[in-house]
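In: have a look; sequence and predicted model below, questions after that.
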Amino acid sequence: DTEVTQTPKHLVMGMTNKKSLKCEQHMGHRAMYWYKQKAKKPPELMFVYSYEKLSINESVPSRFSPECPNSSLLNLHLHALQPEDSALYLCASSQDRGPNQPQHFGDGTRLSIL
Amino acid sequence: GQQLNQSPQSMFIQEGEDVSMNCTSSSIFNTWLWYKQDPGEGPVLLIALYKAGELTSNGRLTAQFGITRKDSFLNISASIPSDVGIYFCAGQDVAGNMLTFGGGTRLMVKP
């Protein structure tokens, strides 16, 4: 079982809906990440939070809005998504952003946009 | 974005056979990681390599960090049906703990 917990596991939403993805870890990790993964492809980095501050935004459209309320939680707020945004959204965490700190992934949220 | 060159893209083997896959890069990495992803799940860390030349085992899995720091391989010995999945290599840079992933190797095992 993964120590990074993501909810919901599946989400179907229309293009006008607003929804949020949640990620939680209790390993004391101070770096957290959002990735997008399309079928048969590797994960693509979206956002990086370090010590609850956004440190990297990989040119992600503003319809994706990350939030880090505290060191254990990471949210991804979704609004006005497009069909091409359908994908597996993965959260990961690491001790910090220093060297030799491997990232550990959750099981993801499978998102489908109608 | 950038990807590492991971090969082979897919393998279909008989149970009990050994498996080998590798990743190469034009850039130097300080850490190499190997993950396995099952359908409907996230990538699970199998082995982490931190030093050039390092050879590390985890059960039937063995991975090596290439001496040039530009490549890594993963071997699986005596494959079993539960080895089925997609294996990703990832290189980790020095500065910001960013991962660069390989394209994945899809492993299928015939009982």
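Out: Arrived safely, thanks for sending.

In: what's the burial count for residue B:11?
Out: Applying other Cβ atoms under 10 Å in any protein chain shown, we find 18 residues neighbouring residue B:11. No exception for glycine: its C-beta is placed from N, CA and C like everyone else's.

In: what helix or strand is it on?
Out: Per DSSP states H and E, residue B:11 falls inside strand B:10-14.

In: okay, buried residues for that strand please.
Out: residue B:11 (16 or more other Cβ atoms under 10 Å in any protein chain shown).

In: now the element after the worst-scoring helix or strand of chain B on mean pLDDT, going C-ward?
Out: The helix or strand of chain B with the poorest confidence is strand B:99-101; it has a mean of 94 (mean pLDDT, DSSP states H and E). Following strand B:99-101 in sequence order, the next helix or strand is strand B:105-110 (DSSP H and E).

In: how far off centre is stretch A:89-97?
Out: 9 Å (Cα atoms, centre = their mean, to the nearest Å).

In: ok, back up a step: contacts for the least confident helix or strand of chain B?
Out: Defining contact as Cβ atoms under 8 Å, 6 or more residues apart in numbering or on different chains, one finds that strand B:99-101 is touched by A:42-43, A:45, A:103, B:1-4, B:25, B:27, B:29, B:33, B:88-93.

In: and the most centrally placed residue in chain A, how far is that from chain B?
Out: Centrality entry for chain A: nearest residue to the mean C-alpha point is residue A:34, 3.0 Å, by Cα atoms, centre = their mean. Distance from residue A:34 to chain B, counting by Cβ to the nearest Cβ, to the nearest Å: 12 Å.

In: for that residue, which residues make a bridge with it?
Out: Beta-bridge partners of residue A:34, counted by DSSP bridges, are residue A:47, residue A:91.

In: didn't it look like it was pressed against residue A:93?
Out: No: counting by Cβ atoms under 8 Å, residue A:34 sits too far from residue A:93 to count as a contact (10.8 Å).
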